[in-house]
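In: Structure for the following, please:
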Amino acid sequence: MHRHFAISHAIPTAARTNLRPLLAAGALTALWSFSLLITPALAGNGPMNSPTQASPDATVTSEKTHVEATPVGSWLLEDIRGGGVIDRVRTEMTLESDGRISGSGGCNRIMGQGKLDGETLTIGPLAGTRMACPPAVMEQEDRFLKTLEEVKGWRVETEQQKLHLLDGAGETLLIFSATTPQK
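Out: Modelled structure (predicted):
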């Protein structure tokens, strides 16, 4: 549950007074940064509400997520041919066990069929919506879709939760991270 607080309730009077010149100068980033620091604490989720010391008999455990050594799942694109990707552009791909592919090229929805057989993966023609986006996003989407056509195999790094899509020589073309880690 998200809680929203008006500035008059979330920020003490002295702090509001000190922020007025920043707001007048257009420095809303300062307010945003400040709100990120105080909002979790006010909502009961921050460090102010966490115990600072565990009891001597307390056992601390950490549940580690695990990605299966399979390309089946939902993945977020991190890299195209070693050139990175545009921050905040969500290029996603979901691969089903029967080879169905769906997702987003960053601008348009994509869907199609691939063939998954052991460590080989080929991706057939993909269909997609035809929306227009900023030129840089469209260019990245085009590079992504053209690179998918060259995929011949895959490799999963389970500890890093990364999927590498490979060319015929076994070289990495695309790198994805798991969007929904599997246990």
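
In: what are the phi and psi angles of Met138?
Out: phi -60, psi -40 (degrees, to the nearest 10).

In: Now do the same contact list for it.
Out: By CB atoms under 8 Å, 6 or more residues apart in numbering, the contact list for Met138 reads Cys107, Ala132. For the C-beta atoms, the positions are set from N, CA and C on the backbone; glycine is no exception.

In: And the pLDDT for it?
Out: With respect to pLDDT, Met138 has a value of 96.

In: again, but for Gly112
Out: For Gly112, the predicted pLDDT is 96.

In: Next up, identify which helix or strand the closest residue to Gly99 other than its chain neighbours is on.
Out: Nearest non-adjacent residue to Gly99, counting by CB to CB, 6 or more residues apart in numbering: Gly114, 4.5 Å away. Gly114 belongs to strand 109-117 when assigned by DSSP states H and E.

In: State the mean pLDDT of the next helix or strand after that strand.
Out: Per DSSP H and E, strand 109-117 leads on to strand 120-128 as the next helix or strand towards the C-terminus. The average pLDDT within strand 120-128 is 93.

In: For strand 120-128, name the packing helices and strands.
Out: strand 109-117, helix 135-148, strand 153-157 (3 or more CB pairs under 8 Å, 6 or more residues apart in numbering; DSSP states H and E).

In: will you turn the ones you listed into JSON lines that also has distance to Arg81?
Out: Putting these into JSON lines (distance: least, CB to CB, whole Å) gives the following:
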{"stretch": "strand 109-117", "distance to Arg81": "19"}
{"stretch": "helix 135-148", "distance to Arg81": "7"}
{"stretch": "strand 153-157", "distance to Arg81": "16"}
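
In: Which among these is found nearest to Ile80?
Out: Comparison of those against Ile80 by CB to CB identifies helix 135-148 as nearest, at 5.4 Å.

In: and the angle from the closest one to strand 120-128?
Out: Inter-element angle recorded for helix 135-148 and strand 120-128: 140 degrees (by axes from the mean of the first three to the mean of the last three CA atoms, to 10 degrees).

In: Would you indicate which residues of helix 135-148 are buried?
Out: Buried residues in helix 135-148, counted by 16 or more other CB atoms under 10 Å: Val137, Met138, Gln140, Glu141, Arg143, Phe144, Leu145, Thr147, Leu148.

In: if we can go back for a sec, what's the closest of the helices and strands packed on strand 120-128 to Thr129?
Out: Taking CB to CB as the criterion, strand 109-117 is the member of the helices and strands packed on strand 120-128 that comes nearest to Thr129, at 4.8 Å.

In: Could I get the buried residue list for that closest one?
Out: Buried-residue list, strand 109-117, by 16+ other CB under 10 Å: Ile110, Gly112, Gly114, Leu116.
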